[in-house]
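Novice: Output the structure for:
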Amino acid sequence: MLCLWRLCGNAGCRRARACRGRSYLCAKRNFKCLPEGVREWFEEFLAAKSVGVSFEDFRDEMEGWEETAAAFFAWRKAAKARAR
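Specialist: Here you go, the predicted model:
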């Protein structure tokens, strides 16, 4: 979801465009390297998920967070563009 393979030091992960190691270690190491808006969006997403909020409801709640949501979706779009 976060496309952390873009930040990974492991060339195999970047080539595969997916984690080829221990994903939880990668997340710990690379999360801080994500753009700030992406980190904020994901932290809010995890918080909502932990209390049972559906993705659709979360998306609706994020309407007031245009910049944060835009940062996340721009990050995802860039990752998909590199995948081609």
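Novice: mind listing what's buried in stretch 47-67?
Specialist: Buried positions in stretch 47-67, judged by neighbour count with 16 or more other CB atoms under 10 Å: 48, 53, 62. The way it works is simple: take the backbone N, C-alpha and C, and place the C-beta from them, glycine included.
Novice: so what's the second one up against?
Specialist: By CB atoms under 8 Å, 6 or more residues apart in numbering, the contact set of Val53 is Glu61.
Novice: tell me the SS of it?
Specialist: Under the three-state scheme (DSSP: H, G, I helix; E, B strand; the rest coil), Val53 adopts coil.
Novice: Quick check: phi and psi on it?
Specialist: phi -80, psi 130 (degrees, to the nearest 10).
Novice: So for it, what's the pLDDT?
Specialist: Looking at Val53, its pLDDT reads 92.
Novice: What distance do you get for it to Glu61?
Specialist: Distance from Val53 to Glu61, counting by CB to CB, to the nearest Å: 7 Å.
Novice: Show me the longest helix that occurs in the protein.
Specialist: helix 66-83 (DSSP state H).
Novice: For that one, name the packing helices and strands.
Specialist: helix 36-50 (3 or more CB pairs under 8 Å, 6 or more residues apart in numbering; DSSP states H and E).
Novice: residues contacting the closest residue in space to Phe72 that isn't next to it in sequence?
Specialist: Leaving aside its sequence neighbours, Phe72 sits nearest to Trp41 (CB to CB, 6 or more residues apart in numbering; 3.9 Å). Trp41 sits next to 62, 65, 68-69, 71-72 when contact means CB under 8 Å, 6+ apart.
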